[in-house]
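Peer 1: Fold the following.
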Amino acid sequence: MVSRIKDNSNVSLNEILDLISEINTQSNTSIFELKSILDQLKNRENKVSFVTNSQSANLIGLLNTSEISYSLFDSEVQKRINILPLFGLTNLFRCSECHKEYLDTQEDFVPLVLQCPKCKRPMFADLYSQDNNLDITCYNSSLLAFATAKVWFLIHPLMNDRTIINLLTSALKLNHQLEDIFILEKDINIRDSYRNLFLDINPNIRINTQNNLVPDFFRTIDAQ
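Peer 2: Below is the predicted model:
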């Protein structure tokens, strides 16, 4: 249905709103555990590309609450963090008629539909599914970010997400300056699977999966 909406096919408004409501319910999960990491990044000068497979509107809310400057999709903007949401955000709206984008930053609720300020047509959340209609521009920007970074910090990566796995493995093959990979994940099987996957590509890369890896991560980027 997401694909049909983007193709302007015959989909009723009620179907669209029901779908978006369900996506919002499932996607807008709490990401408060990121706050301590973001707060520490705020006090540093490192340029960060934040690639995420989450569609949660809470990400933008957390950045605003923490007063961290950010940009969307544009690494050239002089902001501390460049957000690259591979599958869109529930509070990032795009007009299907004139293609104007609008990021809704109100914190009390996430609307299902907005009126385009330019052409007055309905604006729906700019969402993509993992099986269909991936935002290729965002994917390519994410690939470039991973392929040129000196340090990766992976937070709860999933082993059943082929899009992310393909992105990471492709970037690692292209990256000739990557020194460290930090993997924050409680499941030892996932940690070991990613470790083995990365070492098969580059056996010289340093991979940290220890419980105290967050302090190690910040010591590493401070030393650069």
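Peer 1: List the contacts of the residue nearest to the spatial centre of the chain.
Peer 2: Closest to where the C-alpha atoms of the chain average out (CA atoms, centre = their mean) is residue 52, at 1.8 Å. Residue 52 is in contact with 59, 83, 84, 85, 86, counting by CB atoms under 8 Å, 6 or more residues apart in numbering. The way it works is simple: take the backbone N, C-alpha and C, and place the C-beta from them, glycine included.
Peer 1: To what extent is the first one buried, counted in neighbours?
Peer 2: Counted with other CB atoms under 10 Å, residues neighbouring residue 59 total 22.
Peer 1: Same question for the second one.
Peer 2: Neighbours of residue 83 under the rule other CB under 10 Å: 22.
Peer 1: and what of the third one?
Peer 2: Taking other CB under 10 Å as the criterion, the count of residues near residue 84 is 25.
Peer 1: The helix or strand where it lies - contacts with which helices or strands?
Peer 2: For residue 84, the host element (DSSP states H and E) is strand 81-85. Contacts defined by 3 or more CB pairs under 8 Å, 6 or more residues apart in numbering; DSSP states H and E place strand 81-85 against strand 48-52, helix 58-65, strand 70-72, helix 136-148.
Peer 1: Please repeat the previous calculation with a cut-off of 6 Å.
Peer 2: Packing contacts for strand 81-85, counted by 3 or more CB pairs under 6 Å, 6 or more residues apart in numbering; DSSP states H and E, involve strand 48-52, strand 70-72, helix 136-148.
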